[in-house]
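1. Provided below are the primary sequence and the corresponding predicted coordinates.
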Amino acid sequence: MQTTAPATAAIPAQAEPTTVLAPVDREHGSRIIEALEGAWAAIREAHPEVPRVVMITGSGRSQNGIKWGHFGADFWTVRYERGRKKLPELFAGGELLSLGGRRTMQTLIHEAAHAVAHARQIKDTSSAGRYHNKRFAKIAEELGLTAPTTPAPVIGWSDCHITDATAAKYAAAIEALDAARLPYVHDPLAIVLGGGKATGLAGGDEDDQDDQDDENQGSQGEDDEEQKPKKRPPTRFLVICGCTKPGKDGTPEPARRIQISRAAWEFGREEGDDDGALMCGRCKEPFRKADPDNAG
């Protein structure tokens with residue numbers, strides 16, 4: 001009696017970026033992963049050292065803020081017909097997806113730099129992965145990001161940004177991410193930390209116009225009192241939550257102080273609310289204006 005050997009599930013090759021948009025009525029999770037894998041495939045095509053990964057997503061929110069992405073070496077075991085193999089994990093935060101294709105691609109390239117460092121056996125971080133050293137910055141620039149000129153406290157040379165030339169290089173992948181209309185995790189803090197610009201969310205062009213208007217006001221002559229425009233509230237202001245720390249004289253003072261734009265603060269805020277629906281993950285209290293009289 002002839003028997004048929006059981007079929008073995010194929011492992012996605014992640015070799016070519018997808019250009020066919022998935023219909024929006026498909027399962028949301030599979031659409032997200034497919035879109036992210038397509039963008040990762042575009043990076044791998046340009047930089048063969050970047051490995052295949054097991055792509056995952058979810059909320060990046062924690063007590064310390066928002067994690068946009070994470071590369072973890074040898075996290076997953078994949079079964080093949082002739083054995084097993086360890087594959088790294090690539091995590092992309094659901095909050096990241098709210099910021100659009102270009103910002104998402106920036107994070108993926110950042111994590112690809114970590115992947116290349118691992119492949120080359122280069123130690124690119126310290127302090128449990130938080131501090132990014134100059135070796136990381138060099139690889140990030142090799143992959144198309146621009147590194148900061150000086151290191152920041154705690155995170156070092158982590159804050160690398162995608163260049164216009166790199167964005168043009170990955171234009172098809174970025175366009176596919178934007179056109180896919182992917183679900184995302186909404187968090188007002190993502191708008192603030194992500195630079196004040198989010199796909200379909202407040203805090204983009206309005207902020208830019210506010211800044212320009214403030215600059216125009218500042219150019220008015222001091223002696224021209226009658227033609228001075230009416231004073232506007234500041235474009236950005238300080239908000240605090242319930243977290244406190246001992247001050248210089250031992251008196252408790254706010255431990256978390258965040259500068260926020262008016263547009264980002266108003267987004268998601270119910271009329272009449274004193275707070276902006278922005279919750280602190282540590283004290284579980286909403287942020288409030290530090291100086292209500294000057295916040296507008």
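-> Sure thing, it's come through.
2. all helices for the stretch 151-296 of the chain, in order.
-> Assigned by DSSP state H, counting those that start in this stretch, the stretch 151-296 of the chain shows helices spanning 164-169, 171-179, 188-193, 205-218, 262-266.
3. in terms of mean pLDDT, which of these ranks lowest?
-> Lowest mean pLDDT within the helices of the stretch 151-296 of the chain: helix 205-218, at a mean of 33.
4. for this protein, where's the lowest mean pLDDT among helices and strands?
-> Sorting the helices and strands of the chain by mean pLDDT, DSSP states H and E puts helix 205-218 at the bottom, at a mean of 33.
5. now the strands for the chain?
-> Taking DSSP state E as the criterion, the chain contains strands spanning 54-58, 61-62, 65-66, 69-80, 83-93, 125-126, 131-132, 145-146, 161-162, 236-240, 244-246, 252-254, 257-261, 288-289.
6. low-confidence ranges, the stretch 151-296 of the chain, go.
-> Scanning the stretch 151-296 of the chain with the threshold set as pLDDT under 70 gives 195-234, 267-277, 292-296.
7. mind doing that once more with 50?
-> 198, 200-230, 272 (pLDDT under 50).
8. repeat that for the stretch 1-150 of the chain.
-> Short version for the stretch 1-150 of the chain, where the test is pLDDT under 50: 1-22.
9. can you show me the helices along it?
-> 28-46, 101-119, 134-142.
10. for the last one, name the packing helices and strands.
-> The contact analysis (3 or more CB pairs under 8 Å, 6 or more residues apart in numbering; DSSP states H and E) places helix 134-142 against helix 101-119. (C-beta placed from N, C-alpha, C; glycine too.)
11. run the chain-centre distance for the helix it packs on.
-> With CA atoms, centre = their mean, to the nearest Å as the basis, helix 101-119 stands 12 Å off its chain's centre.
12. tell me the angle it makes with helix 28-46.
-> Helix 101-119 and helix 28-46 are oriented at 60 degrees to each other (axes from the mean of the first three to the mean of the last three CA atoms, to 10 degrees).
13. the helices of the stretch 1-150 of the chain: which one's closest to residue 188?
-> Nearest of the helices of the stretch 1-150 of the chain to residue 188, taken as CB to CB: helix 101-119 at 16.0 Å.
14. count the residues that sit near residue 237.
-> Neighbour count for residue 237, taken as other CB atoms under 10 Å: 19.
15. ok, now how distant is residue 281 from residue 147?
-> In this view, residue 281 and residue 147 are 29 Å apart by CB to CB, to the nearest Å.
16. which one's more surrounded, those two?
-> With neighbours defined as other CB under 10 Å, residue 281 and residue 147 compare such that residue 147 has more, 21 against 14.
17. wait, what's in contact with the more buried one?
-> Residues in contact with residue 147 (CB atoms under 8 Å, 6 or more residues apart in numbering) are 137-138, 140-141, 157, 160.
18. top of those by neighbour count?
-> residue 140 (26 neighbours).
19. surely it touches residue 115?
-> No. Under the contact definition of CB atoms under 8 Å, residue 140 does not touch residue 115, with a separation of 11.4 Å.
20. just checking, residue 247 touches residue 253?
-> Yes. Counting by CB under 8 Å, residue 247 does reach residue 253; the two are 4.1 Å apart.
21. hey, what's residue 245 bridged with?
-> When bridges are called by DSSP bridges, residue 245 pairs up with residue 253.
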